[in-house]
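Enquirer: Provide a 3D model corresponding to the input given below.
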Amino acid sequence: MLRQEAYPVLEFDDSPAAKLNPENFADPGFDTDRMVITFFPEVIGKLLSQGAIAEERVIPGENPVTVYRFLDGPNTLLTLGQVGCPACGGNLDLFHAMGIRKVLFCGGGGVLDRNIGVGEILVVEGAIRDEGFSYQYVAPSRVIYTDAAVREKITACLREKGVPYLEGLVWTTDAIFRETADRIALRKAEGAKIVEMEQAGCIAVAQCRGFAYGALIYGGDDLSGEEWSGRAWRSREGVRYDLVRLCRQLLDVL
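Expert: Presented below is the predicted three-dimensional model:
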């Protein structure tokens with residue numbers, strides 16, 4: 001039922017069905033329930049050159065989505081995430097309709113605390129919802145949280161492997177060019193460690209549809225100072241490659 005509010009983004013409708021549903025596009029489905037979503041195109045290129053993955057299929061559309069399959073180990077898919085909640089979260093909803101039930105996301109984001117080093121891993125506890133997409137899947141709230149049981153499985157595995165990590169909130173925004181000084185200060189005061197553009201939406205899809213979802217974001221550029229600092233974060237090829245491989249392994253514990 002839709003409840004009218006002062007602002008359209010707050011008018012949550014809890015009806016499970018829409019006029020257009022992901023199931024309308026889900027045939028044929030995948031033969032596995034495991035997927036890694038990454039934002040590192042050069043890692044996909046490297047894995048292709050190594051013969052570690054192969055193209056599984058291209059999902060057609062105005063913005064076609066290529067899905068790859070790892071050729072060794074458990075049957076696991078890999079795809080390149082698209083920027084922003086509508087694109088990335090919308091594709092995630094489609095992947096779920098096609099049979100995906102266990103998802104690990106890995107990407108990078110801007111740090112709000114300069115003490116978070118480039119490449120340092122944040123296990124996403126939740127996201128401050130400064131966007132619009134998530135409000136179509138989960139009732140309004142200031143923060144949306146990842147599933148605690150899933151998160152504990154991930155962190156336990158990281159501890160067992162001796163992989164250092166942080167745990168905390170991200171700030172999900174739609175507007176990369178509107179990360180103003182006052183907004184940054186407020187989000188940092190609320191507990192956000194990293195700003196990015198997808199997590200609130202992806203967490204909301206997973207919560208709405210009921211599947212296991214976890215995310216690892218590494219510290220990238222720095223928004224904590226007087227001036228923005230890129231910190232050459234996109235050139236950290238080793239960190240990015242290892243993070244994709246790590247996420248694939250973490251799917252084993254979900």
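
Enquirer: what are the ranges of the helices in the protein?
Expert: 41-49, 85-97, 148-161, 181-189, 199-209, 237-250 (DSSP state H).

Enquirer: which intervals of this structure have sub-threshold pLDDT?
Expert: 220-237 (pLDDT under 70).

Enquirer: right, so of the helices of the chain, which gets closest to residue 115?
Expert: helix 181-189 (11.9 Å; C-beta to C-beta). Every residue, glycine included, has its C-beta placed from N, CA and C.

Enquirer: Return that closest one as CSV; C-alpha atoms alone will do.
Expert: Taking Å, rounded to 0.1, in the frame of the first residue of the first chain, the C-alpha atoms of helix 181-189 are listed here in CSV:
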residue,chain,number,x,y,z
ALA,A,181,32.2,20.8,3.0
ASP,A,182,29.1,21.0,5.3
ARG,A,183,27.7,17.7,4.0
ILE,A,184,31.0,15.9,4.4
ALA,A,185,31.3,17.2,8.0
LEU,A,186,27.8,16.1,8.9
ARG,A,187,28.2,12.6,7.3
LYS,A,188,31.5,12.2,9.1
ALA,A,189,29.9,13.2,12.4
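
Enquirer: Mind listing what's buried along that helix?
Expert: 183, 184, 187, 188 (16 or more other C-beta atoms under 10 Å).

Enquirer: which helices and strands sit right next to that helix?
Expert: Using 3 or more C-beta pairs under 8 Å, 6 or more residues apart in numbering; DSSP states H and E, the elements in contact with helix 181-189 are strand 121-130.

Enquirer: how about residue 207, what does it touch?
Expert: Shown in contact with residue 207 (C-beta atoms under 8 Å, 6 or more residues apart in numbering): 137, 138, 144, 147.

Enquirer: Between those residues, which sits nearest residue 251?
Expert: residue 147 (14.6 Å).

Enquirer: how near is residue 91 to residue 182?
Expert: 33 Å (C-beta to C-beta, to the nearest Å).

Enquirer: nope, residue 52 is what I was after
Expert: Residue 52 is 45 Å from residue 182, by C-beta to C-beta.

Enquirer: likewise residue 163?
Expert: Between residue 163 and residue 182 the computed distance is 35 Å (C-beta to C-beta).

Enquirer: what about the residue nearest to residue 241 when sequence neighbours are not counted, how many neighbours?
Expert: Leaving out its chain neighbours, the residue that sits closest to residue 241 by C-beta to C-beta, 6 or more residues apart in numbering is residue 43, at 5.1 Å. Using other C-beta atoms under 10 Å, residue 43 is surrounded by 21 other residues.

Enquirer: Check whether residue 43 really touches residue 239, as I assumed.
Expert: No - in this structure residue 43 lies outside contact range of residue 239 using C-beta atoms under 8 Å: 10.1 Å.

Enquirer: got the contact list for the spatially closest residue to residue 168 that is not a sequence neighbour?
Expert: In space, and not counting its chain neighbours, residue 168 is closest to residue 193: 4.5 Å by C-beta to C-beta, 6+ apart. Residues counted as contacts of residue 193 (C-beta under 8 Å, 6+ apart) are 111, 112, 113, 116, 122, 166, 168, 169, 170.
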